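# 3D model of this:
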Amino acid sequence: MSNTHSDFLKEMGITQWSSRDSAEPSSVDTSTPIQAVEKISPGHWWFFGAQPQGDAQLLFQGVIRSLGLAPQEWSWKNPGDHLNQLQVPEDGLPVVAFAFGGPVAQKITGEKDALPQLRETILALNNGSDEEVPVIASFDLAQLLAKPKDKTLLWQDLLLAKSMLQNI
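Numbering: from 1, shown residues only. Predicted coordinates:
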């Protein structure tokens, strides 16, 4: 695992492990700066869910740092807002939506399936516009605090969203 991925996992509170069978630690190329390896292509992230508080807020801040997002590159959206009023920014940059929790994903996409079926799938924001905004569903932040082992699945979902944003 590269230093970059290790740093991301550490920011999210995920402990890196290595096999006890391996006598030598794996070599890591540290010659490339983190920004050059993991810089996300310009775009906007819309995060949907209950506004995080306390430890959930700390976890969310770790997600933002791990993704390397600047304040103008992301915004928090309330799933109870009128989705048809959400406008894709006019700067021409792509948008990806990230839903924290199954009920949130269902509300913003119109899907009926439970979270296990919605994860690892690219959904679409149900905002009534011609411009399709991809949605990635993941776990609620409070649930991740109760089940820290699911943070690795959150990271997989974030990587899917990042990949989606880079390929729009």
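
# Can you give me the buried ones in the lengthiest helix in the chain?
Ordering each helix of the chain by length in residues (DSSP state H) puts helix 151-166 first. The neighbour-count check on helix 151-166 (16 or more other Cβ atoms under 10 Å) flags 151, 154, 155, 157, 158, 160, 161, 162, 164, 165 as buried. No exception for glycine: its C-beta is placed from N, CA and C like everyone else's.

# need those residues in CSV with distance to residue 56 and pLDDT, can you?
Output for these, formatted as CSV (distance: Cβ to Cβ, whole Å; pLDDT from 0 to 100):
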residue, distance to residue 56, pLDDT
151, 12, 94
154, 12, 96
155, 16, 95
157, 16, 97
158, 16, 96
160, 21, 96
161, 19, 96
162, 21, 94
164, 24, 91
165, 23, 90
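
# can you list the weak-confidence ranges in the protein?
Within the chain, the segments meeting pLDDT under 70 span 1-41, 129-130.

# That one: helices as residue ranges?
3-11, 34-38, 55-67, 102-109, 115-118, 141-146, 151-166.

# what's the closest of those helices to residue 88?
In terms of Cβ to Cβ, the element of these nearest to residue 88 is helix 151-166, at 12.9 Å.

# since we're on residue 93, how many residues are nearby?
Look at residue 93: counted by other Cβ atoms under 10 Å, it has 14 neighbours.

# And the contacts of stretch 159-168?
40-41, 43, 45, 67, 94-96, 98, 120, 122, 134, 136 (Cβ atoms under 8 Å, 6 or more residues apart in numbering).

# which two in those are spaced the farthest apart?
41 and 120 (21.4 Å).

# thinking again about what came up before, so how far is the longest helix of the chain off the chain centroid?
Helix 151-166 has its C-alpha centroid displaced from the chain centroid by 5 Å (Cα atoms, centre = their mean, to the nearest Å).

# what angle do that helix and helix 55-67 make?
Interaxial angle, helix 151-166 versus helix 55-67 (axes from the mean of the first three to the mean of the last three Cα atoms, to 10 degrees): 50 degrees.

# related to what we said a few turns ago, so which of the helices of the chain is the most surrounded?
helix 102-109 (a mean of 22; mean count of other Cβ atoms under 10 Å).

# Report all helices and strands that that one contacts.
Secondary-structure packing of helix 102-109 (3 or more Cβ pairs under 8 Å, 6 or more residues apart in numbering; DSSP states H and E): strand 44-48, strand 95-100, helix 115-118, strand 123-124, strand 134-138.

# Please identify which of the ones you listed is closest to residue 80.
Nearest of the helices and strands packed on helix 102-109 (Cβ to Cβ): strand 44-48, 9.8 Å.
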